[in-house]
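[1] Quick one: sequence plus predicted model below, questions after.
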Amino acid sequence: EDKVVQSPLSLVVHEGDTVTLNCSYEVTNFRSLLWYKQEKKAPTFLFMLTSSGIEKKSGRLSSILDKKELSSILNITATQTGDSAIYLCAVVPSNTGKLIFGQGTTLQVKP
Amino acid sequence: DVKVTQSSRYLVKRTGEKVFLECVQDMDHENMFWYRQDPGLGLRLIYFSYDVKMKEKGDIPEGYSVSREKKERFSLILESASTNQTSMYLCASSTPQGYYGYTFGSGTRLTVV
């Protein structure tokens, strides 16, 4: 059965800290991996990683796909209170349009 | 700007009521999905649809039904609401292969009392 697992499930840090969120997957036909950020409303897209694009960066956020270890990390440097959110990892299998989500990591950044 | 719109942000219903959650997308996407989101459990798929009048069960369809009479609209129906259906409900849409992921609606927080 296809599965995506995120860790930790929750995390509390202080402003300025660096955090690393983990996502591992077991998927029969992997096409891409997506990271979303969810504040109090709809998840918003952060990154898409594929076999041909295994590293992405946007400001203080960056993400890497490890195809050998079947995992991905999301790094946030110099965290701010506005980074407080649920971070969702999802995998797109190639044989279906249905995403497979992890449980999410709830990040709280304290002032 | 492309959008997925859910009709209500917050909803309070009584046990036993029939509840309709509406979702409309303006992107001409073939795929539409309904999820519920609960703390510690992540997003769980209730139903999805690949085309008009087509529907398939997700992981937790019990107590729910759906309707897709038009391409842009996907409705979730709670036939007889129960307190364990209190949750955040998220609608999403995507292209047929879902390669670029989903576009989500803003969510409906449903409380059943």
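    Nice, I can see it.
[2] got a list of what residue 16 touches?
    Because you didn't say which chain, this covers chain A. Residues near A:G16 by CB atoms under 8 Å, 6 or more residues apart in numbering or on different chains: A:A78, A:T79. Bear in mind the C-beta positions are built from the backbone N, C-alpha and C, glycine included.
[3] Wait, chain B was what I had in mind.
    Neighbours of B:G16 in contact, by CB under 8 Å, 6+ apart: B:S80, B:A81.
[4] Tell me the spacing between the residue positioned nearest the centre of chain B and chain A.
    In chain B, the centroid-proximal residue (CA atoms, centre = their mean) is B:W34; its distance is 2.9 Å. Look at B:W34 and chain A: by CB to the nearest CB, to the nearest Å, they are 12 Å apart.
[5] now that residue, what's its secondary structure?
    strand (DSSP: H, G, I helix; E, B strand; the rest coil).
[6] Test my guess that it contacts B:C23.
    Yes - judged on CB atoms under 8 Å, B:W34 makes contact with B:C23 at a distance of 7.3 Å.
[7] For those two, list the residues in contact with both.
    B:F74, B:L76, B:C91.
[8] what's the spacing between the last one and chain A?
    Which is B:C91. Relative to chain A, and taking CB to the nearest CB, B:C91 is found at 9 Å.
[9] Residues of chain A that sit close to chain B?
    A:9, A:31-32, A:34, A:36, A:41-45, A:48, A:88, A:90, A:92, A:94, A:96-99, A:101-104 (CB under 8 Å from any CB of the partner chain).
[10] The chain: strands as residue ranges?
    No chain in the question, so chain A it is. Here chain A has its strands, by DSSP state E, at A:3-7, A:10-14, A:19-26, A:30-38, A:44-50, A:55-58, A:61-66, A:71-76, A:85-93, A:100-101, A:105-110.
[11] Chain B was what I was after
    B:4-6, B:10-13, B:19-25, B:31-38, B:42-49, B:56-57, B:64-70, B:73-78, B:87-94, B:103-104, B:108-112.
[12] Now do the buried residues in the fifth one.
    The reference is to strand B:42-49. Using 16 or more other CB atoms under 10 Å in any protein chain shown as the burial criterion, the residues of strand B:42-49 that qualify are B:G42, B:L43, B:L45, B:I46, B:Y47, B:F48, B:S49.
[13] before we move on, what about the fourth one?
    By neighbour count, with 16+ other CB under 10 Å as the criterion, the buried positions of strand B:31-38 are B:N31, B:M32, B:F33, B:W34, B:Y35, B:R36, B:Q37.
[14] Which strands and helices lie in contact with it?
    For strand B:31-38, the packing partners by 3 or more CB pairs under 8 Å, 6 or more residues apart in numbering or on different chains; DSSP states H and E come out as strand B:19-25, strand B:42-49, strand B:64-70, strand B:73-78, strand B:87-94.
[15] for those, which one ends up most surrounded?
    strand B:87-94 (a mean of 24; mean count of other CB atoms under 10 Å in any protein chain shown).
[16] where in chain B is pLDDT low?
    Filtered on pLDDT under 70, chain B yields the residue ranges B:1-2.
[17] Spell out which parts of it neighbour chain A.
    Residues of chain B lying near chain A (CB under 8 Å from any CB): B:4, B:30-31, B:33, B:40-43, B:45, B:48, B:50, B:90, B:94-102, B:104-107.
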